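>>> Starting from these lines, generate the structure:
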Amino acid sequence: MRLKSVYRLLFVPFVIVLLGVLQFPKYGIQQVEPIGPYLNGVFPEALTDSTPAPSFLSQTGAFINLETLEPSDGLIPYGLIAPFWSDGAIKTRWIAIPNDGTHDSPEEQVIFDVNNSWRYPEGSVTVKHFEMNTDLTNPSERRRLETRFVVQGPNEQFYYLTYKWNEEGTDAELLEGAETETLAIRTANGVRFQQWQYPSQENCVDCHRAISGSFLGPSTRQFNGDFLYPESGQVANQLATWNNLGIFTEPISESDFDTFITARAIDDESATLEERALTYLDTNCAYCHRPGSIRTSSFDARLTTPLDRSAIINGFVFNNNNIQNARVIAPGDTAKSLVYYRMRNIGNKEAMPPIAKAMIDSAGLQLMEDWILSLGSGVSTEEETAIPSELSLSIYPSPFTNQARIAYTLGSPESVTIDVFDATGRRVRQIKQGVQSTGSHAVELTGHTLASGTYIVRIVAGESSISKLVVRQ
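Predicted coordinates:
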């Protein structure tokens, strides 16, 4: 009897724990804290002279304690599986989604999309904090640089704020424009100096585009993985946590998570080289390089676009940077791969990204080199080029003086018309009309007879059309 009692004492708690695990799965956050739109009304719906943003970070109410950076109630911490390269900065992120203690109405919920950008309720705010390790021999030596806010106003209009920390690290002041600072970084071999750019609103808009969702980062592919929630100490899948909190307008079945396209970290040895390389392009390039963007390359860097329809492998480039037979990615050849070339440039117009880059991402560059070389050279980079799945249009350069190159791609044979209109909408020139084959094409727009000013180039291909602005100097 005594032995049975011992078994019973051991077995019953085990069953209770097992049932708890089965019936009550752990999430990073069990209950949301209420928070009002615009960080409880601290931020205005839109920035004007009469409705400015708070002048100091301490006035925003985003943190209970600036010394410890303890976030205010209602701010949800989050992380990304494969974050954007920011010159080696250490980043911490939070988001405030308005709610009254439960996310049970459209004004408190996020519209979920498996492959595309999520849509947020008005008054949502993201907070991203940047620090730099100033002594590479001592990881605890950090300097606070800046804290950025993205605020969603009415009708999905956004504005962007940068707060620069003082040297003491006690508070941060709102910047009115861009600034650049030289950081001294101690290394094992001495001291190196690194430029850091604090962005203006205009700089932020360069990447945070409506076409890419404005709230960059949070997405199905970046959230479908584990994250350590600081307050609870729980490691949990972020999608599952948000789903359990009711943040999404429609609940998601967790059994479907394995079917979602998911980002893979640069050092994830369980992922293939291609998965990691394509994730890197998705994170660092896709906010601009996607259908409908104004950029000068037609490839689609989104991880959700099949590689054979992305125009990445052997993809046509409009500005080859004087590299003969350059392609977006030339299999087996880093010298002809424009992505690799631009990744290893800094401090000039050939660098990518073109702003806020003062250091080469050595790990990212090595990943791209390994992937390019692994592709071999089975396809000629001179004759066969990849074809994007959608109509695209790019104009380079703009502004132009004598001549601009209008480059476009067709996913299928179409009847094509290209017209140029002035600022009043009057057609001033037709530069192309006729049926053209699938693939990449280009025509020249000369400045002859065009006065200085802004013009609209419109391409119509079948039932699709794109219009873009070009400036004649």
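>>> Tell me where the stretch 151-300 of the chain is predicted with low confidence.
Along the stretch 151-300 of the chain, segments meeting pLDDT under 70 span 205-206, 208-213, 292-298.
>>> what about the strands in it?
For the stretch 151-300 of the chain, the strands defined by DSSP state E, counting those that start in this stretch cover 158-165, 172-174, 179-187, 190-198, 226-229, 234-237.
>>> export the first one as CSV, just CAs?
In other words, strand 158-165. Provided in CSV are the C-alpha atoms of strand 158-165 (Å, rounded to 0.1, in the frame of the first residue of the first chain):
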residue,chain,number,x,y,z
PHE,A,158,1.9,57.4,-41.6
TYR,A,159,4.6,59.7,-40.2
TYR,A,160,8.0,59.0,-38.8
LEU,A,161,9.9,60.4,-35.8
THR,A,162,13.6,60.0,-34.8
TYR,A,163,14.7,60.8,-31.2
LYS,A,164,18.5,61.1,-30.7
TRP,A,165,19.8,60.2,-27.3
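>>> before we move on, the earlier item: can I get the strands of the stretch 151-300 of the chain in JSON lines including distance to residue 260 and mean neighbour count?
No exception for glycine: its C-beta is placed from N, CA and C like everyone else's. Shown next, in JSON lines, are the strands of the stretch 151-300 of the chain (distance: least, Cβ to Cβ, whole Å; neighbours: other Cβ atoms under 10 Å):
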{"stretch": "strand 158-165", "distance to residue 260": "26", "mean neighbour count": "21"}
{"stretch": "strand 172-174", "distance to residue 260": "36", "mean neighbour count": "17"}
{"stretch": "strand 179-187", "distance to residue 260": "38", "mean neighbour count": "13"}
{"stretch": "strand 190-198", "distance to residue 260": "34", "mean neighbour count": "14"}
{"stretch": "strand 226-229", "distance to residue 260": "15", "mean neighbour count": "16"}
{"stretch": "strand 234-237", "distance to residue 260": "11", "mean neighbour count": "16"}
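>>> would a markdown table of those with distance to residue 453 be doable?
Formatted as a markdown table, the strands of the stretch 151-300 of the chain follow (distance: least, Cβ to Cβ, whole Å):
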| stretch | distance to residue 453 |
| --- | --- |
| strand 158-165 | 29 |
| strand 172-174 | 35 |
| strand 179-187 | 32 |
| strand 190-198 | 31 |
| strand 226-229 | 50 |
| strand 234-237 | 53 |
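>>> who wins for proximity to residue 204 among the ones you listed?
strand 158-165 (3.7 Å; Cβ to Cβ).
>>> quick one: the closest one to chain centroid distance?
Put simply, strand 158-165 sits 17 Å off its chain's centre (Cα atoms, centre = their mean, to the nearest Å).
>>> Ok, which of the strands of the stretch 151-300 of the chain comes nearest residue 139?
strand 179-187 (12.0 Å).
>>> Residue 76 is nearest to which of the strands of the stretch 151-300 of the chain?
That would be strand 226-229 among the strands of the stretch 151-300 of the chain, by Cβ to Cβ, at 9.0 Å.
>>> coming back round to it: among the strands of the stretch 151-300 of the chain, which is nearest residue 365?
Here strand 190-198 is closest among these (Cβ to Cβ), at 16.9 Å.
>>> quick one, domains of this structure?
Domain assignment for the chain by automatic domain parsing gives 37-259, 273-374, 392-472.
>>> residues contacting residue 108?
When contacts are counted by Cβ atoms under 8 Å, 6 or more residues apart in numbering, residue 108 touches 97-100, 102, 121.
>>> Ranking by neighbours, what's the top pick from these?
residue 97 (25 neighbours; other Cβ atoms under 10 Å).
>>> Please tell me the pLDDT value assigned to the residue lying closest to that residue once chain neighbours are set aside.
Distances taken as Cβ to Cβ, 6 or more residues apart in numbering place residue 124 nearest to residue 97, at 5.2 Å, with adjacent residues excluded. pLDDT, residue 124: 97.
>>> right, and residue 124 touches residue 99 too?
No - if you go by Cβ atoms under 8 Å, residue 124 and residue 99 don't touch, sitting 10.3 Å apart.
>>> if we can go back for a sec, state the distance from the residue nearest to residue 97 to residue 96.
7 Å (Cβ to Cβ, to the nearest Å).
>>> between these two, who's got more neighbours?
For residue 124 and residue 96, the more surrounded residue by other Cβ under 10 Å is residue 96, and the numbers stand at 27 against 23.
>>> which residues does that one form a beta bridge with?
Counting by DSSP bridges, residue 96 is bridged to residue 75, residue 125.
>>> who touches it in this structure?
35, 39, 74-76, 124-127.
>>> returning to that earlier point: figure out which of the strands of the stretch 151-300 of the chain is closest to residue 116.
strand 158-165 (17.0 Å).
>>> could you say what helices and strands the closest one packs with?
Strand 158-165 is packed against strand 142-152, strand 172-174, helix 201-207, with contacts defined by 3 or more Cβ pairs under 8 Å, 6 or more residues apart in numbering; DSSP states H and E.
>>> Within its sheet, name the partner strands of that strand and how each one runs.
strand 142-152 (antiparallel), strand 172-174 (antiparallel).
>>> can you pull the contacts of residue 400?
Counted by Cβ under 8 Å, 6+ apart, residue 400 has contacts 445, 447, 470-473.
>>> Can you list which of these are found in strands?
445, 470-472 (DSSP state E).
>>> Between the residues you listed, which sits nearest residue 139?
Distance to residue 139 across those (Cβ to Cβ) is lowest for residue 471, with 47.4 Å.
>>> Quick one: neighbours of that closest one, just the number.
So residue 471, with other Cβ under 10 Å, has 14 neighbours.
>>> can you offset everything so residue one is 607?
All right, first residue 607 from here; so that's residue 1077.
>>> Which residues are in contact with the nearest residue to it once chain neighbours are set aside?
With sequence-adjacent residues excluded and distances taken as Cβ to Cβ, 6+ apart, residue 1077 is closest to residue 1005, at 3.9 Å. Residues in contact with residue 1005 (Cβ under 8 Å, 6+ apart) are 1076-1079.
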